[in-house]
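> Sequence plus predicted model, see below.
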Amino acid sequence: MPCSDPLASSATQYSRCGAGRPVAARAVWFSFTCLLAITLVGTGCHRAVPSTENVQVRENVPRNIDLSGFFKDTVGANSPTPPQGSRTFNLQTPGQRDSLHAESQRQREMWQAGGARDYHFLLRASCFCPGQQGWLLIEVRDGHAVRVWDRGGKPAPLTKDNNYSIDGLFDLLEQVADRDDVVAVGFEGRWHYPIYIRTDARLGLPDDWGVFEVRGFRPR
């Protein structure tokens, strides 16, 4: 062990370094070494810690980017009208609930057979309150929504209202099929994901409807 080892005891250093070295010199060296160690540890502990807010959105992405190409699919889509080919299920009618579940399951199996796990798509949610929301671009990785942007290219937080993948929309469809009075749904013809879901929890009530619209699906 070298003579300058600050962790060795005084007796050990005395025997190894010789009785001729003054005790005061060893004490000065020990104090200097400890001060240096404390300084280095303190520097390491005060590194900037990135905020966890919207980490998924901000990862390697500029604060504002040009996403106009994605949103071209929303031009003219001003009202949440049912697309051609959508079907309305009156779930108060016997057999309709089972029919909706069967159709949802059939379409989901074809969607899963397509194997898309990483993709982008556009989502717009509307309801009685707060009304129609703007289109959002959602990025999905391995089946989970990870990032969201608004139409202006600004990152948006993932919330319970937009944290959807395509599988999440199928889950939503299954839930409303179990509890609501009326559900209208339309599916895309190639990938078989829901492009339109309209729910009416209770017939006759004006403020319990919701609409989900999907456009611009792009697999990666």
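Arrived safely.
> so where's the longest strand in the chain?
For the chain, the longest strand by residue count, based on DSSP state E, is strand 209-219.
> Report the buried residues of that one.
Buried residues in strand 209-219, counted by 16 or more other C-beta atoms under 10 Å: 209-217. Glycine gets a C-beta too; all of them are placed from N, C-alpha and C.
> Tell me, how many residues neighbour Pro82?
Residue crowding around Pro82 was assessed by other C-beta atoms under 10 Å; the count is 16.
> ok now do it, which residues does it touch?
Pro82 makes contact with 88, 184, 186, 196, 198, according to C-beta atoms under 8 Å, 6 or more residues apart in numbering.
> Select from the residues you listed every entry located in strands.
Judged by DSSP E, strands contain the following of these: 88, 184, 186, 196, 198.
> Drop anything exposed from those residues.
Neighbour counting with 16+ other C-beta under 10 Å marks 184, 186, 196, 198 as buried within these.
> Could you save those as TSV and add columns showing pLDDT and distance to Gln107?
Converted to TSV, those look like this (pLDDT from 0 to 100; distance: C-beta to C-beta, whole Å):
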residue	pLDDT	distance to Gln107
Ala184	97	14
Gly186	97	10
Tyr196	97	12
Arg198	95	16
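> ok, these vs Arg147, which is closest?
Of all these, the one sitting nearest Arg147 is Tyr196; the distance, using C-beta to C-beta, is 23.7 Å.
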